[in-house]
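Asks: Build the 3D model from these lines:
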Amino acid sequence: MSCLCASHLFVIMSARHVCAFVDAQALVKGLSPRRAAAGALSGSLIVKRDFLHNGRSHHQFLPLKQRGKLQAAVLPVTPPLLDDEGKRKQMSEEYGFKQIGEQLPDNVTLKDVMDTLPKEVFEINDVKAWGSVLISVTSYAFGLFLISKAPWYLLPLAWAWAGTAVTGFFVIGHDCAHKSFSRNKLVEDIVGTLAFLPLIYPYEPWRFKHDRHHAKTNMLVEDTAWQPVWQKEIESSSFLRKAIIFGYGPIRPWMSIAHWLMWHFDLKKFRSNELPRVKISLACVFAFMAIGWPLIILQTGIAGWFKFWFMPWMVYHFWMSTFTMVHHTAPHIPFKSSEEWNAAQAQLNGTVHCSYPRWIEILCHDINVHVPHHISPRIPSYNLRAAHDSIKKNWGKYMNDADWNWRLMKTILTACHVYDKERYYVSFDEVVPEESQPIRFLKKFMPDHA
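Replies: Okay, here's the model as predicted:
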């Protein structure tokens, strides 16, 4: 994902000095950076080029030949370039964004941003809240009707509608978990639990882990949503390495299924004071599976269970995975250690506003108007657009903005993989090129339209 910015030179590197001498731009055309801290051997002939990567200016030294392979030492030479409007526009074009925001100043706090929001965006409106329930119930029922009537060749369209509609159930439960659905906590717990049941998602376990995502957004290790892959995970075993490459590559739009299994059913992941509520949620989910699934099979058979429940559920997980990774994953958005982490920068600079087709936004209750939700999770979903307009007016130059497009997805699936402190992300095909066929396949065959 690098971008050439200057001419290229042959240089001779020895143990004591580097001498540059002849322009050789054509010889390095198309080369991408490799992470190899050792660099070239003393006295070897190498190529130097300057390039922009992840908002930073770098020098790169490439040995012309070394046993048939190229190595590179990527050396950052300037601070981040997010304050350079031309560089931001260049990155926006390359990554599939409409806008990449400036770096928020270190002295700006999350409270500073929150204080600029109008008070009415925090107000709960019972009519609008229950109106969102009505939209989700009726649209999901209509989706099931479409599935029952559609010929086989139109079933994917019916599944897409039903799965997107049931994603709205998740957003309703999401509002309940953030105490932005009702002034009555018991009502929120009941509605949240019921909304999650068709997704067989345990409400309380998800709520506890999701609160941590908001408290630690884009913090290394601590954030419970997407994390970059660690180098030690890639090096641990061949089987795990292949699984991770597929998981963060071709099947990433369904990796929320793995997250659902790993994070929400293991009692060891919860504090003792959380366990009673966790167990109640798990009991509700298992009861739904024990009663609901047999009833579906009894009425429609195994094929009916597949048609009416499983395929819409897979569509839901496509949106769950896609929304979550687009919200916080891009080559220019860093994950930081707790010592370096800044709450305001993580929530404003580290969150992406992405616009989807209007029917998706309606069925999913504007959950992708996501920046204000990270400024304050207490904003109800039906007030997110008003809050977004306010943030855009006061803090717009710091915001990341995109329309959902192929280039944006291709960037995430093919470039945002292994954690690197300097470059933020390194692609699998740089770290383990011999096992990165799935990534090269995506690079070759995924459309690149923005």
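
Asks: For the chain, just list every one of the strands.
Replies: Assigned by DSSP state E, the chain shows strands spanning 3-13, 18-23, 45-53, 56-63, 73-76, 352-355, 400-403, 418-420, 424-426.

Asks: Paired strands for the last one, with orientation please.
Replies: In its sheet, strand 424-426 lies beside strand 418-420 (antiparallel), with partners assigned from DSSP bridges.

Asks: Could you list the residues in contact with the partner strand?
Replies: For strand 418-420, contacts defined as CB atoms under 8 Å, 6 or more residues apart in numbering pick out 35, 220, 228-231, 234, 335, 425-428, 431. From N, CA and C alone the C-beta is placed, and that goes for glycine too.

Asks: Whichever of these end up buried, select them in ChimeraX.
Replies: Only the buried entries of those go into this ChimeraX selection, using 16 or more other CB atoms under 10 Å:
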select :35,220,228,229,234,335,425,426,427,428,431
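
Asks: From Asn400, how far off is the nearest residue to Trp263 once chain neighbours are set aside?
Replies: Spatially, and ignoring its direct neighbours in sequence, Trp263 is nearest to Lys209 (5.4 Å; CB to CB, 6 or more residues apart in numbering). As for Lys209, its distance to Asn400 is 24 Å (criterion: CB to CB, to the nearest Å).

Asks: Between these two, which has more neighbouring residues?
Replies: Asn400 (25 against 16; other CB atoms under 10 Å).

Asks: quick one: pLDDT of that one?
Replies: According to the prediction, Asn400 has pLDDT 97.

Asks: What's opposite it in the beta bridge?
Replies: The partner residues for Asn400, given DSSP bridges, come to Val352.

Asks: follow-up on the earlier one: contacts only, for the residue nearest to Trp263.
Replies: Lys209 makes contact with 224, 263-264, 269 under the criterion CB under 8 Å, 6+ apart.

Asks: Also Val371?
Replies: 347-348, 351-353, 388, 391, 399.

Asks: I'd like to know how many residues surround the closest residue in space to Asp366 that isn't next to it in sequence.
Replies: Leaving aside its sequence neighbours, Asp366 sits nearest to Leu384 (CB to CB, 6+ apart; 4.8 Å). Neighbour count for Leu384, taken as other CB under 10 Å: 21.

Asks: Show the model's pLDDT score for Leu384.
Replies: According to the prediction, Leu384 has pLDDT 98.

Asks: what bits of the chain have low per-residue confidence?
Replies: Scanning the chain for pLDDT under 70 picks out 1-82.

Asks: Let me see the contact set for the residue nearest the centre of the chain.
Replies: Centroid-nearest residue in the chain, with CA atoms, centre = their mean: Met325, separated by 1.2 Å. Residues near Met325 by CB under 8 Å, 6+ apart: 226, 252, 412.

Asks: now do Asp189
Replies: Shown in contact with Asp189 (CB under 8 Å, 6+ apart): 176, 203.

Asks: how about a cut-off of 10 Å?
Replies: Contacts of Asp189 were listed using CB atoms under 10 Å, 6 or more residues apart in numbering, and they are 176-177, 182, 203-204, 207, 277, 280-281.

Asks: Throw those into TSV and include neighbour count and distance to Phe306, thanks.
Replies: Output for the contacts of Asp189, formatted as TSV (neighbours: other CB atoms under 10 Å; distance: CB to CB, whole Å):
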residue	neighbour count	distance to Phe306
Cys176	25	30
Ala177	22	30
Ser182	20	35
Tyr203	30	25
Glu204	24	29
Arg207	23	30
Arg277	17	33
Ile280	14	30
Ser281	23	26
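
Asks: For Lys111, state which of the residues you listed is nearest.
Replies: Distance to Lys111 across the contacts of Asp189 (CB to CB) is lowest for Ala177, with 22.5 Å.

Asks: Cross-check the contact I'm expecting between that closest one and Lys185.
Replies: No: the criterion here is CB atoms under 10 Å, and Ala177 misses it with Lys185 at 11.1 Å.

Asks: List the buried residues for stretch 393-402?
Replies: Applying 16+ other CB under 10 Å to stretch 393-402 flags 395, 398-402 as buried.

Asks: Show me the two of these that sit farthest apart.
Replies: Going by CB to CB, the pair spanning these furthest: Trp395 and Ala402, at 16.9 Å.

Asks: So which of the contacts of Lys209 sit within helices?
Replies: Taking DSSP state H, the ones among those that sit in helices are 263-264.

Asks: Which ones among the contacts of strand 418-420 lie within helices?
Replies: The helices, defined by DSSP H, take in 231, 234, 428, 431 from these.

Asks: State the pair within those that is farthest apart.
Replies: Farthest pair in the ones in helices among the contacts of strand 418-420, by CB to CB: Gln231 and Phe428, 11.3 Å.
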